[in-house]
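Asks: Below is the sequence, then the predicted model.
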Amino acid sequence: MSPTAGQARELAKDSAAPEGAGSLSRAGDLFQLLRDGRARTRAELAITTGLARSTVASRIDALISSGLVGPAGEATSSGGRPPSRFAFKPSARAVLAVDVGATHVIVAVTDLGGNILAERRLSQDVAAGPEAVLRRVVEESISVLAESGRTPADLAGIGIGLPGPVEHSSGRPIKPPIMPGWDGFDVVRYVQQSLPVPVLVDNDVNIMALGERTAAWPDVENFLFIKVATGIGAGIISSGELQRGANGTAGDLGHVRVPRGDDVLCRCGNYGCLEALASGPAVARELSAKGLKAANGADVLRLVAEGNLQAIQALRQAGRDVGDVLATVVNLLNPSVIVIGGSLGQAGEHLMAGVREVVYRRSLPLATTHLRIGLSMTGDQAAILGASQMVTQHVLSPAVIEATLQATG
């Protein structure tokens, strides 16, 4: 079993021994060189790291024993027996990636490289409460694991995204507005009763940002992912690091005030919140008041697809409202890329046109000189890819690799 985050930190302290203090010393750091998937020989690794070949050999042997590294053919010989190459094996372990939305649950199995092996999508109201939702998550997880040909013993960890603020260090939701009964609930402990592996929990928009950036924008250091759906939020990556804030509420754009909404009451109790004007349910209410059949965001998308001008205009105005808030965010954070995702993002050019119209007009010219604003390339898989990435960032980190090797060595 992989160690928990706390166990990893304690074991990593013991593993930080000087050169030659043990065959596992800093194997986790050596492993990071192999995570790019490129096959290398022991000699190449020795040259890259400056370590003695005997030291490299012992660490490679430890990593091979763990299953994370395996043979990858032979290099060209310069005389004598060709040297063996070694590479990271993403298939060594599996990850369960879970996206819990306001009205859905997606459970997927991935390998350590984020490749989706099996996936299941369910209708599920998060308001049913944590035990009802998580019981179903666990049941479906075990089932989809079997479908992928894996077992719980193959699991490296589980990543879960929730539609509300989360204290990432504990995995507990913090006063989530659309999740009655979830406040302070110990999600990690509940899941580990059935699947005793590392469980990491975060806000859904944060993991969507991780998934989109890893899959489509890996070289972008300053990145915003904007989810426009039942709620509205942002995942903020600054200088390559995900920003969660002091209490896990960083990026909660949905409750920023929009000038034109002075008389619009939000479910949070304030007036004029972006979510109350530009979310899927908000746009649906506006269209319903005009006599159109629109009960939710899906109906809005249907009307837009049918070419309904009122729906198209309402969605473009929603984009302007989002752009109103983003203009301030762009001046404050100076991102290189903004990606629009979530269910309303599927409407593509209409929402995007409104966002671009306001952001480029109201943000400082210097902040928008190289700014790109586009639609999500990962679509409704962003959260699954991000949940998987959240787990692999943890379980494949130098500290946890060291801890795992010591625990099994």
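Replies: Perfect, I can see it now. Numbers count the residues shown, from 1 in each chain.
Asks: Next SSE downstream of the helix or strand hosting Leu33?
Replies: Leu33 belongs to helix 27-34 when elements are defined using DSSP states H and E. Sequence order places strand 40-41 as the next helix or strand after helix 27-34, per DSSP H and E.
Asks: That following strand pairs with which strands, parallel or anti?
Replies: The strands beside strand 40-41 in its sheet (DSSP bridges) come out as strand 84-88 (antiparallel).
Asks: Need the CA coordinates for the helix or strand Val133 falls within. CSV is fine.
Replies: Using DSSP H and E, Val133 falls within helix 130-147. This file holds the C-alpha atoms of helix 130-147, laid out as CSV (Å, rounded to 0.1, in the frame of the first residue of the first chain):
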residue,chain,number,x,y,z
PRO,A,130,-22.2,12.9,1.4
GLU,A,131,-22.9,9.3,2.4
ALA,A,132,-25.4,8.6,-0.4
VAL,A,133,-23.1,10.2,-3.0
LEU,A,134,-19.9,8.6,-1.8
ARG,A,135,-21.4,5.2,-1.3
ARG,A,136,-22.3,5.3,-4.9
VAL,A,137,-18.8,6.6,-5.8
VAL,A,138,-17.2,3.6,-4.0
GLU,A,139,-19.6,1.1,-5.5
GLU,A,140,-19.0,2.4,-9.1
SER,A,141,-15.3,2.7,-8.5
ILE,A,142,-15.0,-1.0,-7.6
SER,A,143,-17.1,-1.9,-10.6
VAL,A,144,-15.2,0.3,-13.1
LEU,A,145,-11.9,-1.0,-11.8
ALA,A,146,-13.0,-4.5,-12.6
GLU,A,147,-14.2,-3.3,-16.0
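Asks: Any idea how far it is from the middle of the chain?
Replies: With Cα atoms, centre = their mean, to the nearest Å as the basis, helix 130-147 stands 19 Å off its chain's centre.
Asks: tell me the mean pLDDT over that helix?
Replies: The average pLDDT within helix 130-147 is 97.
Asks: ok, then the element right after that helix?
Replies: strand 155-162.
Asks: Just list what that following strand packs against, helices and strands only.
Replies: strand 94-100, helix 130-147, helix 187-192, strand 199-203, helix 204-216, helix 382-395 (3 or more Cβ pairs under 8 Å, 6 or more residues apart in numbering; DSSP states H and E). Backbone N, C-alpha and C define where each C-beta goes, glycine included.
Asks: List the buried residues for the longest one?
Replies: Residues of helix 130-147 classed as buried: Pro130, Val133, Leu134, Arg136, Val137, Val138, Glu140, Ser141, Ile142, Val144, Leu145 (neighbour count, 16 or more other Cβ atoms under 10 Å).
Asks: how close does the fourth one get to Gly37?
Replies: Read that as Arg136. 35 Å (Cβ to Cβ, to the nearest Å).
Asks: just the strands in the stretch 201-350 of the chain please.
Replies: 223-228, 232-238, 241-243, 337-341 (DSSP state E, counting those that start in this stretch).
Asks: in the shortest one, what's buried?
Replies: This points to strand 241-243. In strand 241-243, counting by 16+ other Cβ under 10 Å, buried: Leu242.
Asks: Pull up the pairing partners for that strand, direction included.
Replies: With DSSP bridges as the test, strand 241-243 pairs up with strand 232-238 (antiparallel).
Asks: Quick one: residues in contact with the strand it pairs with.
Replies: Contact partners of strand 232-238, identified using Cβ atoms under 8 Å, 6 or more residues apart in numbering, comprise 203-210, 213, 220-227, 242-243, 250-254, 274-275, 278-279, 322, 329, 333, 342.
Asks: from those residues, which would you call buried?
Replies: Buried members of the contacts of strand 232-238, scored by 16+ other Cβ under 10 Å, are 203-210, 213, 220, 223-227, 242, 250-254, 274-275, 278-279, 322, 329, 333, 342.
Asks: Please tabulate the strands of the stretch 201-350 of the chain in a markdown table, including the columns distance to Val199 and mean pLDDT.
Replies: Converted to a markdown table, those look like this (distance: least, Cβ to Cβ, whole Å; pLDDT from 0 to 100):
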| stretch | distance to Val199 | mean pLDDT |
| --- | --- | --- |
| strand 223-228 | 23 | 97 |
| strand 232-238 | 20 | 96 |
| strand 241-243 | 18 | 94 |
| strand 337-341 | 25 | 96 |
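Asks: Now those strands in JSON lines, please, with extra columns for distance to Thr392.
Replies: Listed next are the strands of the stretch 201-350 of the chain as JSON lines, based on distance: least, Cβ to Cβ, whole Å:
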{"stretch": "strand 223-228", "distance to Thr392": "18"}
{"stretch": "strand 232-238", "distance to Thr392": "16"}
{"stretch": "strand 241-243", "distance to Thr392": "14"}
{"stretch": "strand 337-341", "distance to Thr392": "21"}
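Asks: Between the ones you listed, which one is closest to Ser169.
Replies: strand 241-243 (13.4 Å; Cβ to Cβ).
Asks: gap between the closest one and the chain center?
Replies: 11 Å.
Asks: Can you tell me what sits against that strand?
Replies: By Cβ under 8 Å, 6+ apart, strand 241-243 touches Asn206, Ala209, Leu210, Gly235, Ile236, Ile237, Ala250, Gly251.
Asks: most residues in a single helix of this structure, which one?
Replies: helix 309-333 (DSSP state H).
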